[in-house]
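> Sequence and predicted structure are below.
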Amino acid sequence: MVGDLRDRHALSSRGLRAEAVVVRLDHQDHRHGWFELRRTTYPVFAFTTEQGQGIETSGRMPVHPPLPEPDQRMPVVYDPADPTLVRDAAGFDAQSAWRPWLWAPFLAGGLALCVVALARPGRLRRP
């Protein structure tokens with residue numbers, strides 16, 4: 001989780017966009033519980049950085065159906081300091097768009113409870 005936050009911060013603060021080609025899809029099978037076998041799919045992208053360096057690397061976030069096809073072109077976001085840190089642009093934009101709105105109501109509710117508890121400490125105790 002900490003690595004994901006670090007990666008997202010690096011891409012949002014200094015990430016550059018490029019057009020990439022999906023070379024192949026790597027699959028990782030793992031068990032969820034005792035019986036259910038799940039497959040996670042990671043795309044392998046090939047793209048050229050702004051400096052002209054050719055990069056082929058696996059995306060760090062899995063993709064979900066509809067899966068991209070090999071040889072499909074798609075926009076990606078990469079870190080110029082570490083070009084192997086790459087994510088598809090659509091998934092990155094969607095992920096960074098909804099996360100703050102998910103936590104805002106919970107943070108506001110927790111803050112309100114803290115204010116009530118500090119302002120009227122006797123109110124929350126049973127008689």
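The structure has been received and is ready for your questions. Numbers count the residues shown, from 1 in each chain.
> just the helices in the protein please.
Taking DSSP state H as the test, the helices found in the chain are 2-14, 89-119.
> Tabulate the ones you listed (TSV), appending mean pLDDT and distance to residue 66.
Just so you know, the C-beta spots here come from the backbone N, C-alpha and C atoms, and that holds for glycine as well. Conversion of these to TSV gives the following (pLDDT from 0 to 100; distance: least, CB to CB, whole Å):
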stretch	mean pLDDT	distance to residue 66
helix 2-14	74	23
helix 89-119	75	12
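> Make a markdown table out of the ones you listed and add mean neighbour count and distance to residue 70.
Formatted as a markdown table, the entries for the helices of the chain read as follows, by neighbours: other CB atoms under 10 Å; distance: least, CB to CB, whole Å:
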| stretch | mean neighbour count | distance to residue 70 |
| --- | --- | --- |
| helix 2-14 | 12 | 24 |
| helix 89-119 | 11 | 18 |
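> Would you format those helices as TSV with distance to residue 50 included?
As requested, the helices of the chain are arranged in TSV below (distance: least, CB to CB, whole Å):
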stretch	distance to residue 50
helix 2-14	12
helix 89-119	15
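> Out of those helices, flag the one nearest residue 78.
Counting by CB to CB, residue 78 lies closest to helix 2-14 out of these; the figure is 7.6 Å.
> What lies in contact with that closest one?
With CB atoms under 8 Å, 6 or more residues apart in numbering as the contact definition, helix 2-14 has outside contacts at 60, 77-82, 85, 87, 92, 95-96.
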